[in-house]
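# Provided below are the primary sequence and the corresponding predicted coordinates.
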Amino acid sequence: MRRTNRIVTLLIILLLLFSYEEFSYCNDNFNIDTNVYIVVVNKLTLSDIEKMPNLKGLMYDGSFGLMNVRGISGYRGADSFITINASNKAFANNESSQFHNMDSRFKKIYENRVSVLDKDYKVGNIQTGRLYNQNENNKYSPYLGALGQVLHNGGLKTAVFGNSDIDEELIRTSALIPMDSKGLIDYGNIDNILIEDGSYPYGFRTDYDKILNEIFHIKSKASLIVVDTGDLSRLNSYSNFLSKDGFHEKRNTVLEGIDVFIGNLLNIIDKDKSLLMVLSPNSGEERIDGNRLAPIFLWGKGVEPGVPISSTTNRPGIISNLDISPTIVNFFNLTAENMSGSIIKHIEKEDAFSYISSINGRINLMSKIRSKTLLTYGTISIIAVLIILIMLIFKIKLNNRIGEWLKTILLVLFSLPVILIISSLFYIDNLLKFVISLILLLGLFAYTFKRFNSNKMIYIITYSYFILIVLDILFNGYITKFSIMSHDPIIGARYFGIGNEMVGLFLTASTLTAGLLYEKCENKIVSILALFISIALVGHPKLGANVGGTIALLSASLYFVLELMNKQLNYKSIILGLVLVSLAITIFGYIDIKLNPTPTHLGGTLLSIKDKGISIIKNIIDRKLLMNIRLVGISSWTKVTIINLFVQVIISYIFEFRINRMMNSGLGKGYLSCIIGSIVGFLLNDSGLILSAISINLITIFLLFIIINAEEMTIE
């Protein structure tokens with residue numbers, strides 16, 4: 001019996017040992033059947049896609065859209081590549097992106113400069129130290145290599161193939177996408193991947209057959225596989241040597257080669273288990289068009305036909321480069337750590353290419369004419385107010401035809417932002433259409449104002465501003481989506497909610513509306529409610545959460561309440577105001593974190609403070625101050641602001657009795673609150689100058705109209 005027990009016990013032990021060894025062996029040698037492929041086709045344009053049938057075919061059962069490629073310093077170069085694989089915008093250049101196959105020579109260099117390798121890596125960046133040095137004072141505090149590090153922490157491996165080398169320089173920026181925080185990649189070939197070909201720029205091209213062969217053998221080991229096709233980037237560097245015809249001939253050759261590669265790659269990808277992304281980390285080829293949003297294709301598991309969208313942009317068809325990493329991490333069911341982007345989702349569209357081409361034209365037009373149009377508006381405004389100021393100083397009679405025309409001009413200037421908003425409701429994708437629509441709307445408004453230019457008209461416009469902006473925020477920017485007054489998805493500072501230009505309009509509209517309502521209804525609650533609605537809409541995380549704008553509106557509203565209560569602005573009220581503002585922002589931040597799966601800037605900032613400490617606040621303050629200082633020094637809006645303030649001071653002196661009378665009314669309370677909000681908005685926004693300038697410009701026009709209209713300061 002004892003002998004039998006011993007045998008059974010021995011068998012059990014052997015079985016357990018065998019099971020353990022088998023389990024360990026499987027963990028070390030498991031085969032991957034789920035992959036993410038990123039094919040980098042840098043400098044790709046929308047017009048190129050028409051010549052690439054295999055690539056274009058992806059959109060019929062995949063997702064096609066546009067990606068904001070902005071890095072920390074622009075839309076070209078290595079910044080855009082490292083930003084894909086970082087927690088936020090980051091610095092990089094070719095010198096800090098020196099990836100090599102880790103043979104004995106480069107392995108020694110890497111270990112001497114960075115650290116001793118704990119395992120075998122096929123590709124590494126021997127300039128990892130330089131990369132970190134470049135980002136030492138980066139105010140965005142990026143975590144470099146976030147994507148690769150999360151994958152490595154999750155036990156997954158990465159690979160990279162190809163380069164964009166030219167005769168004069170090694171260009172290996174695509175390897176920035178899969179590297180981990182130490183600049184390491186598990187598999188790949190980045191040094192021995194080019195082949196001679198006299199029809200290509202510099203006389204060589206990417207060896208696509210070699211890449212396909214190496215991917216075929218590595219795909220069971222590497223979860224993330226990045227391919228740098230390289231040839232379009234080389235053509236971009238080589239284009240100065242080519243005539244127009246020669247350039248397009250070589251481009252067609254390059255595009256054909258890339259498209260054939262994509263077609264062959266599709267043959268070895270299991271669509272039901274893998275995800276393919278084809279993207280351009282930089283903006284398109286400048287010699288073809290000036291588009292700064294780059295095409296992106298997503299195809300495979302979990303991708304529905306249509307266009308991409310993310311919580312970062314909340315705009316169908318547009319995503320951010322920061323959304324790439326969270327999407328890949330989510331695909332592998334890992335937790336997105338140190339990533340500020342959002343997971344890419346998809347919206348059904350029957351003809352994605354036509355839709356994307358349509359919005360791309362409108363976005364690019366608005367981006368190109370945006371600054372010049374607003375500058376022209378600001379310039380015309382200060383010329384008009386200075387002319388009127390001179391006429392008032394010299395007491396030129398305005399109760400005549402000249403006065404009627406001046407009032408009409410002021411009404412047009414006061415309502416021009418509304419005109420720019422309304423024009424965006426029409427399909428305008430070129431400059432001619434924009435100019436024609438603007439002229440027609442200006443004519444229509446001028447004709448209306450010529451017939452009705454009493455105080456009531458400027459009050460109606462003020463109410464219209466308030467209602468229009470409230471509706472626009474509630475309907476996710478539907479009215480202003482393609483307006484000069486709205487945010488620019490190419491700049492990428494904000495994609496939805498309300499931008500600083502619109503906050504400037506809303507600040508003026510809400511404070512004046514509150515004052516007019518108080519004067520009209522003689523009810524404090526109604527006017528305060530209007531301001532409360534403004535704060536809630538601008539600050540609510542689900543609607544975009546413009547933190548600086550929220551604080552500006554809160555400050556204006558608190559001052560308005562003080563005025564209603566006949567309280568003086570003193571140290572006690574200022575401290576109380578700071579406490580209330582801090583409390584409100586904290587509440588909005590808490591709502592953001594709790595309700596949003598991917599928090600906005602506000603929630604993200606609070607989470608960053610929790611993870612990285614209070615130094616994040618210093619970085620944010622430094623960034624905003626530096627931006628404002630730079631804008632004040634170079635922007636024409638500085639002159640607009642100063643001249644408007646100068647005009648207001650002179651008017652207050654000349655018409656002291658009338659201005660004092662207005663200040664004692666509800667309208668005066670709204671006016672003063674607007675000034676307070678403009679000052680706070682300037683100080684607390686990284687581009688607060690334009691917020692303040694637009695608000696003060698509008699309030700000056702409003703004040704001048706009231707003065708020269710020669711009516712009593714009463715509400716009709």
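Noted; the coordinates are in hand. Numbering: from 1, shown residues only.

# isn't Arg287 right next to Asn240, touching?
No. Using Cβ atoms under 8 Å, Arg287 is not in contact with Asn240; the gap is 9.6 Å. For glycine as for every other residue, the C-beta is placed from the backbone atoms N, C-alpha and C.

# who's in contact with the residue most central in space within the chain?
In the chain, the residue lying closest to the centroid (Cα atoms, centre = their mean) is Gly492, at 2.1 Å. Neighbour list for Gly492: Asn68, Arg70, Ser320 [criterion: Cβ atoms under 8 Å, 6 or more residues apart in numbering].

# next one: Val538
Val538 neighbours (Cβ under 8 Å, 6+ apart): Ile473, Gly497, Ile498, Val503, Phe506, Gly544, Ala545, Asn546, Gly549, Thr550, Leu553.

# how about the strands in the stretch 51-200 of the chain?
63-68, 99-101, 123-125, 158-161, 184-185, 187-189, 194-196 (DSSP state E, counting those that start in this stretch).

# I'd like the ones you listed written out as a markdown table, with mean pLDDT added.
Output for the strands of the stretch 51-200 of the chain, formatted as a markdown table (pLDDT from 0 to 100):
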| stretch | mean pLDDT |
| --- | --- |
| strand 63-68 | 97 |
| strand 99-101 | 98 |
| strand 123-125 | 98 |
| strand 158-161 | 98 |
| strand 184-185 | 98 |
| strand 187-189 | 97 |
| strand 194-196 | 97 |
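
# low pLDDT regions in the stretch 1-150 of the chain?
1-31 (pLDDT under 70).

# so which residues of it form helices?
2-28, 46-49, 53-57, 79-84, 104-113, 128-134, 146-153 (DSSP state H, counting those that start in this stretch).

# what of the stretch 401-550 of the chain?
401-423, 431-451, 455-474, 500-521, 524-539, 547-564.

# quick check: which of the ones you listed is nearest to Lys43?
Comparing the helices of the stretch 401-550 of the chain by their distance to Lys43 (Cβ to Cβ), the top pick is helix 431-451, with 25.1 Å.

# in the closest one, what counts as buried?
Phe434, Ser437, Leu438, Leu441, Phe445, Ala446, Phe449 (16 or more other Cβ atoms under 10 Å).

# CA atoms only: put it into CSV for me.
Taking Å, rounded to 0.1, in the frame of the first residue of the first chain, the C-alpha atoms of helix 431-451 are listed here in CSV:
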residue,chain,number,x,y,z
LEU,A,431,-11.9,82.3,-51.8
LEU,A,432,-14.3,83.5,-54.5
LYS,A,433,-17.4,82.0,-52.8
PHE,A,434,-16.3,83.4,-49.5
VAL,A,435,-15.9,87.0,-50.9
ILE,A,436,-19.2,86.8,-52.8
SER,A,437,-21.1,85.5,-49.7
LEU,A,438,-19.5,88.1,-47.5
ILE,A,439,-20.4,91.0,-49.8
LEU,A,440,-24.0,89.8,-50.2
LEU,A,441,-24.5,89.4,-46.4
LEU,A,442,-22.8,92.8,-45.7
GLY,A,443,-25.1,94.4,-48.2
LEU,A,444,-28.2,92.8,-46.7
PHE,A,445,-27.2,93.8,-43.2
ALA,A,446,-26.2,97.3,-44.2
TYR,A,447,-29.5,97.8,-46.0
THR,A,448,-31.4,96.6,-42.9
PHE,A,449,-29.4,98.9,-40.6
LYS,A,450,-29.8,101.9,-42.8
ARG,A,451,-33.5,101.6,-42.3
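
# chain center to that helix: distance?
Computed by Cα atoms, centre = their mean, to the nearest Å, the chain-centroid distance of helix 431-451 equals 31 Å.

# equivalent analysis for stretch 359-375, please.
15 Å.

# what about it, average pLDDT?
In this model, stretch 359-375 carries a mean pLDDT of 92.

# ditto for stretch 460-468
The model assigns stretch 460-468 a mean pLDDT of 94.

# name the residues of that stretch that come out as buried.
In stretch 460-468, counting by 16+ other Cβ under 10 Å, buried: Ile461, Thr462, Tyr465, Phe466, Leu468.

# returning to what we had before: of Arg287 and Asn240, give the one with the bigger neighbour count.
A direct count of neighbours by other Cβ atoms under 10 Å for Arg287 and Asn240 places Arg287 higher, at 17 against 8.

# quick check: closest non-adjacent residue to that one.
Of all residues not flanking Arg287 in the chain, Ser239 sits nearest, at 5.7 Å (Cβ to Cβ, 6 or more residues apart in numbering).

# Three-state assignment for the one you found, please.
What DSSP: H, G, I helix; E, B strand; the rest coil gives for Ser239 is helix.

# buried stuff in stretch 647-659?
Buried-residue list, stretch 647-659, by 16+ other Cβ under 10 Å: Val647, Gln648, Ile651, Phe655, Arg658, Ile659.

# how far off centre is the longest strand anywhere in the chain?
Using DSSP state E, we find that the single longest strand of the chain is strand 293-300. Put simply, strand 293-300 sits 17 Å off its chain's centre (Cα atoms, centre = their mean).

# may I have the strands that pair with that strand, each with its orientation?
strand 63-68 (antiparallel), strand 275-279 (antiparallel) (DSSP bridges).

# all strands of the stretch 301-450 of the chain, in order?
Under DSSP E, counting those that start in this stretch, the stretch 301-450 of the chain gives strands at 307-309, 318-320, 345-347.

# of the ones you listed, which is nearest Gly246?
Here strand 318-320 is closest among these (Cβ to Cβ), at 34.2 Å.

# quick revisit: redo the strands of the stretch 51-200 of the chain as CSV? Include distance to Val116 and mean neighbour count.
Converted to CSV, the strands of the stretch 51-200 of the chain look like this (distance: least, Cβ to Cβ, whole Å; neighbours: other Cβ atoms under 10 Å):
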stretch, distance to Val116, mean neighbour count
strand 63-68, 38, 27
strand 99-101, 17, 22
strand 123-125, 12, 27
strand 158-161, 20, 27
strand 184-185, 12, 28
strand 187-189, 20, 23
strand 194-196, 31, 14
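
# and of those strands, who's closest to Leu389?
Per Cβ to Cβ, nearest to Leu389 of these: strand 63-68, 42.7 Å.

# ok, Phe91 - contacts?
Contacts of Phe91 (Cβ under 8 Å, 6+ apart): Gly71, Ile72, Ser73, Asp79, Ile82, Leu131, Gln134, Asn135, Asn138.

# wouldn't Ile528 be in contact with Val561 here?
Yes. The criterion here is Cβ under 8 Å, and Ile528 meets it with Val561 at 6.5 Å.

# fine by me, we can end here.
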